[in-house]
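Student: would you be able to build a 3D model of this:
(2 chains)
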Amino acid sequence: AQSVTQLGSHVSVSEGALVLLRCNYSSSVPPYLFWYVQYPNQGLQLLLKYTTGATLVKGINGFEAEFKKSETSFHLTKPSAHMSDAAEYFCAVSGLSGGYNKLIFGAGTRLAVHP
Amino acid sequence: GAGVSQSPSNKVTEKGKDVELRCDPISGHTALYWYRQRLGQGLEFLIYFQGNSAPDKSGLPSDRFSAERTGESVSTLTIQRTQQEDSAVYLCASSYGGNTEAFFGQGTRLTVV
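Tutor: Purely as a prediction, here's the structure:
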């Protein structure tokens, strides 16, 4: 069965600083990995996804994530934080298990960006 | 429709009453998920429908919770004899199945008083 662990329920960075949100997964099959973002009072939207191929994935708003199989990680980064990046970020894994493909989410990381 | 539609957007109900939440997925999407998000917490998987296969109900927290889906269209999540701990936002998502991107609705905020 798949599972996702996001280290740090809250992360605070200064505007212009590096953003690093950590995600580790557990999967008995090759995983598909996703990052979703939830802005205040809005629904979830896809930020980026890894399926196959290139392990460094670029998403919207300057975010990227790297799939590292040896570390079972899929950390999300952005070189320079913007105030508008303040939101909740969810890592998710999907992979065939027990005959089902389903998205399993981590607990989320709330990102705060201060001036 | 253009996106996943959920209704109602807000529901206040008295403890012990039954509630029914509705989800209209994106047309053509064979997979449909229900999740629960308690205040300040992550997404808790409830149930997953994929085409005509038997649904994965492994996330339903108790037998008070049930869900149905008509073919590859509308789904309803029913909570019987609601309790205060059922208060949460209930999110529906749909996708083409497999490992494709899931699109989320805006959710139904359920408050049990």
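Student: only C-alpha atoms for contact and neighbour calcs from this point on.
Tutor: Will do.
Student: mind listing what residue A:10 touches?
Tutor: By CA atoms under 8 Å, 6 or more residues apart in numbering or on different chains, the residues touching residue A:10 are A:109-112.
Student: ok, now how distant is it from residue B:41?
Tutor: Applying CA to CA, to the nearest Å, the value for residue A:10 to residue B:41 is 11 Å.
Student: before we move on, back to that, which of the contacts of residue A:10 has the most neighbours?
Tutor: Most neighbours among these, by other CA atoms under 10 Å in any protein chain shown: residue A:109, with 23 neighbours.
Student: bridged to that residue, which residues?
Tutor: Counting by DSSP bridges, residue A:109 forms beta bridges with residue A:89.
Student: report the contact partners of it.
Tutor: When contacts are counted by CA under 8 Å, 6+ apart, residue A:109 touches A:6-11, A:21, A:88-90.
Student: for the most centrally placed residue in chain B, what are phi and psi?
Tutor: Nearest residue to the geometric centre of chain B (CA atoms, centre = their mean): residue B:34, 3.4 Å. Residue B:34 has phi and psi values of phi -120, psi 140 when expressed as degrees, to the nearest 10.
Student: follow-up on the earlier one: what's the closest of the contacts of residue A:10 to residue B:47?
Tutor: Taking CA to CA as the measure, residue B:47 lies nearest residue A:109 of the contacts of residue A:10, at 23.3 Å.
Student: so what pLDDT did that closest one get?
Tutor: Residue A:109 is assigned 96 on the pLDDT scale.
Student: same question for residue A:97.
Tutor: At residue A:97, pLDDT is 60.
Student: please produce a markdown table containing the contacts of residue A:10, extended by distance to residue A:80.
Tutor: A markdown table is the format used below for the contacts of residue A:10 (distance: CA to CA, whole Å):
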| residue | distance to residue A:80 |
| --- | --- |
| A:109 | 18 |
| A:110 | 17 |
| A:111 | 13 |
| A:112 | 13 |
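Student: can you show me the CA trace of the worst-scoring helix or strand of chain B on mean pLDDT as PDB?
Tutor: Lowest on mean pLDDT, DSSP states H and E among the helices and strands of chain B sits strand B:43-50, with a mean of 91. The C-alpha trace of strand B:43-50 is given here as PDB (Å, rounded to 0.1, in the frame of the first residue of the first chain):
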ATOM      1  CA  LEU B  43      -7.000  15.000   2.900                       C
ATOM      2  CA  GLU B  44      -8.400  11.800   4.200                       C
ATOM      3  CA  PHE B  45      -9.300   9.300   1.500                       C
ATOM      4  CA  LEU B  46     -12.800   8.000   1.800                       C
ATOM      5  CA  ILE B  47     -13.800   6.100  -1.400                       C
ATOM      6  CA  TYR B  48     -12.800   5.600  -5.000                       C
ATOM      7  CA  PHE B  49     -14.900   4.600  -8.000                       C
ATOM      8  CA  GLN B  50     -13.300   3.500 -11.200                       C
END
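Student: which residues sit against that strand?
Tutor: Contacts of strand B:43-50 (CA under 8 Å, 6+ apart): A:102, A:104-107, B:30-37, B:55-61, B:67, B:69, B:97.
Student: cool, thanks, talk later.
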